[in-house]
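>>> Next input, structure requested:
(2 chains)
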There are 2 protein chains.
Amino acid sequence: MATSDRIERDRLAKRKRILEAARELFVARGVEAVTLREIAQRIEYSTTAIYVQFKDKQDLLDHMVREDFAAFTAALAAVTSVVDPLERLTRLGDAYVEFAMTMPRHYQLLFMTPHAAPAPEDVVHDVAGVDGYHLLLRTVTECVTTGRFRPELRDPDGLAQAIWATVHGVVSLLVIMGPEAVFRWRSPATLAELALGSMLRGMLADPTELDPRPRRKPRKR
Amino acid sequence: MATSDRIERDRLAKRKRILEAARELFVARGVEAVTLREIAQRIEYSTTAIYVQFKDKQDLLDHMVREDFAAFTAALAAVTSVVDPLERLTRLGDAYVEFAMTMPRHYQLLFMTPHAAPAPEDVVHDVAGVDGYHLLLRTVTECVTTGRFRPELRDPDGLAQAIWATVHGVVSLLVIMGPEAVFRWRSPATLAELALGSMLRGMLADPTELDPRPRRKPRKR
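You can find the predicted model right below:
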């Protein structure tokens, strides 16, 4: 029993190293350019050691996308308990940017790498129903139906997509263009606050809701 | 003379076809995965026909990036004549999104494809000084110094980057995730209006400046 435990632990540790090496190579050079052999060489494994765990490159990629989506959704799910929808919306934005900046390779694989099949429907929906977009959409819908947004803003999908685009824009622009020092880049948190903070203020029926306060008074629940 | 004209015209036509085929392949599969041979095959040329025009793949890529940046900058430069900085800002955003949606492959190559060297300094600055970021930065700076933005927003670079991130986010999210029908995507123009329009409203000292009006009164110049 102890032995089979150790074997399984070793297998999982190897699996993790393989996925990390593969992710690094996929996002740096494109999925298509990378071979299983190169992945193996990078971590000094034999190619066979990869085939023990994955059928082929596509199988490895599928597992990676599924697991990275699970990590992404888990990072967002932490905010579901926030009662006030506007506060939940800003916390969602923060969690999104934080996930992308602490796990940039995961983020690049999921949302910036062509051919990585970011979202076949079964992948988007298989994570206990807590997929990121629907969490965002529900939150936006609550803001709309409770009159937090200006009355002419009535399309939760459009609003959710505009908000998603903005946080994605901050993250992906920094990932691709960040190394170019000619742009004196501000930090991800600063840009997210400027971009998403200003956008939400522009969407609100009462923009002063986002003014800094000692403690926001609790809303009706 | 007529003959050498024709030879030169043929050469340029070939060059254009080569660049178009290469751009298509680069953004679809990653720069590294693509060989000159595949580019040649795609347009039924010999590989030699490419070597007549370009030294190697890097040389071809360098020319492409330079020319695509020139097209991008030209698309934005059309708005420089708009006097009012806030109007210029919204027109810049529209021009940006329009460029990206009408020339998505150019956009992907410049701002979304790793290893495509989007902005070595000499490329950014070689287009008659009208590079996109500085155009944006100048416009934002005008808005700041003329008191159009809320007084706490004093960092033109941060504001310019937040605005850039937002339009980039709309475009790049649609390029990568657009094919996923599970998200009921709104049009690029709708999302840009929701995202950038709301953000600018949130940045303005007087948010009603962006309310629809029969004709905005001319500003002091």
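>>> Now do the phi/psi pair for A:T90.
Main-chain dihedrals, A:T90, degrees, to the nearest 10: phi -70, psi -40.
>>> Verify the stated contact: it with A:L200.
Yes: when contacts are counted by CB atoms under 8 Å, A:T90 is listed as touching A:L200 (6.7 Å). Where C-beta positions appear, they are placed from N, C-alpha and C, glycine not excepted.
>>> which one of these two has more residues nearby?
Set A:T90 next to A:L200 and count neighbours by other CB atoms under 10 Å in any protein chain shown: A:L200 wins out with 25 against 19.
>>> Mind checking if the longest helix seen in chain A is in reach of chain B?
In terms of residue count, the longest helix belonging to chain A (DSSP state H) is helix A:2-29. Yes: using CB under 8 Å from any CB of the partner chain, helix A:2-29 comes into contact with chain B via A:V27, A:A28, A:R29.
>>> what element comes up after that helix heading to the C-terminus?
helix A:36-42 (DSSP states H and E).
>>> Just the mean pLDDT for that following helix, thanks.
For helix A:36-42, mean pLDDT rounds to 96.
>>> what's it packed up against?
On a contact count with 3 or more CB pairs under 8 Å, 6 or more residues apart in numbering or on different chains; DSSP states H and E, helix A:36-42 meets helix A:2-29, helix A:47-53, helix A:57-77.
>>> in chain A, what spans have low per-residue confidence?
For chain A, the stretches with pLDDT under 70 are A:1, A:114-130, A:213-221.
>>> Tell me which residue is most central in it.
A:F72 (4.5 Å; CA atoms, centre = their mean).
>>> Identify the residues contacting that one.
Residues counted as contacts of A:F72 (CB atoms under 8 Å, 6 or more residues apart in numbering or on different chains) are A:F99, A:H106, A:Y107, A:L110, A:G132.
>>> My guess is the first one contacts A:A75. True?
This means A:F99. Yes: using CB under 8 Å, A:F99 is in contact with A:A75, at 4.1 Å.
>>> Compare these two (neighbour count), which wins?
More neighbours surround A:F99 than the other of A:F99 and A:A75, with 21 against 18 (other CB under 10 Å).
>>> rewinding a little: top of the contacts of A:F72 by neighbour count?
A:L110 (26 neighbours).
>>> what helix or strand does that residue sit in?
Per DSSP H and E: helix A:104-111 holds A:L110.
>>> how about that helix, does it reach chain B?
Yes: part of helix A:104-111 sits near chain B under the criterion CB under 8 Å from any CB, namely A:F111.
>>> got the contact list for that helix?
A:23-24, A:26-27, A:64-65, A:68-69, A:71-72, A:99-100, A:116, A:118, A:168, A:171-172, A:175, B:173, B:176-177.
>>> Once you drop chain neighbours, what's closest to A:R201?
Leaving aside its sequence neighbours, A:R201 sits nearest to B:G202 (CB to CB, 6 or more residues apart in numbering or on different chains; 3.4 Å).
>>> hmm, I was thinking of A:V171
Closest to A:V171 by CB to CB, 6+ apart is A:A100, at 4.0 Å.
>>> list the helices and strands the host helix or strand of that neighbour packs on?
Using DSSP H and E, A:A100 sits in helix A:85-102. Secondary-structure packing of helix A:85-102 (3+ CB pairs under 8 Å, 6+ apart): helix A:57-77, helix A:104-111, helix A:132-145, helix A:156-177, helix A:188-192, helix A:198-203.
>>> Against which helices or strands is the third one packed?
Pointing back at helix A:132-145 there. helix A:57-77, helix A:85-102, helix A:156-177.
>>> the inter-axis angle of the longest one versus helix A:85-102?
Going by axes from the mean of the first three to the mean of the last three CA atoms, to 10 degrees, helix A:156-177 is angled at 30 degrees with respect to helix A:85-102.
>>> For helix A:156-177, list every residue counted as buried.
Across helix A:156-177, burial judged by 16 or more other CB atoms under 10 Å in any protein chain shown covers A:156, A:158-177.
>>> cool, and the shortest one?
If you call a residue buried by 16+ other CB under 10 Å, then helix A:85-102 has these buried ones: A:85-86, A:88-97, A:99-101.
>>> got the CA coordinates for that helix in PDB?
What follows is helix A:85-102, C-alpha atoms only, in PDB (Å, rounded to 0.1, in the frame of the first residue of the first chain):
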ATOM      1  CA  PRO A  85     -22.900  42.900  -6.700                       C
ATOM      2  CA  LEU A  86     -20.900  46.000  -7.400                       C
ATOM      3  CA  GLU A  87     -18.300  45.100  -4.800                       C
ATOM      4  CA  ARG A  88     -18.300  41.500  -6.200                       C
ATOM      5  CA  LEU A  89     -17.700  43.000  -9.700                       C
ATOM      6  CA  THR A  90     -14.600  44.900  -8.600                       C
ATOM      7  CA  ARG A  91     -13.300  41.900  -6.600                       C
ATOM      8  CA  LEU A  92     -13.900  39.700  -9.700                       C
ATOM      9  CA  GLY A  93     -11.800  42.100 -11.700                       C
ATOM     10  CA  ASP A  94      -9.000  42.100  -9.100                       C
ATOM     11  CA  ALA A  95      -9.000  38.300  -8.900                       C
ATOM     12  CA  TYR A  96      -8.900  38.000 -12.700                       C
ATOM     13  CA  VAL A  97      -5.900  40.300 -13.000                       C
ATOM     14  CA  GLU A  98      -4.200  38.600 -10.000                       C
ATOM     15  CA  PHE A  99      -4.600  35.200 -11.500                       C
ATOM     16  CA  ALA A 100      -3.200  36.300 -14.900                       C
ATOM     17  CA  MET A 101      -0.200  38.100 -13.400                       C
ATOM     18  CA  THR A 102       0.700  35.300 -10.900                       C
END
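>>> which residues are contacting it?
In contact with helix A:85-102 (CB under 8 Å, 6+ apart) are residues A:71-72, A:75-76, A:78-80, A:82, A:106-107, A:132, A:135-136, A:139-140, A:142-143, A:146, A:148, A:163, A:167, A:170-171, A:174-175, A:188-189, A:192, A:196-197, A:200, A:204, A:209, A:216.
>>> That one versus helix A:104-111: what angle between them?
Helix A:85-102 runs at 110 degrees relative to helix A:104-111, counting by the same axes, to 10 degrees.
>>> With that, I have no additional questions.
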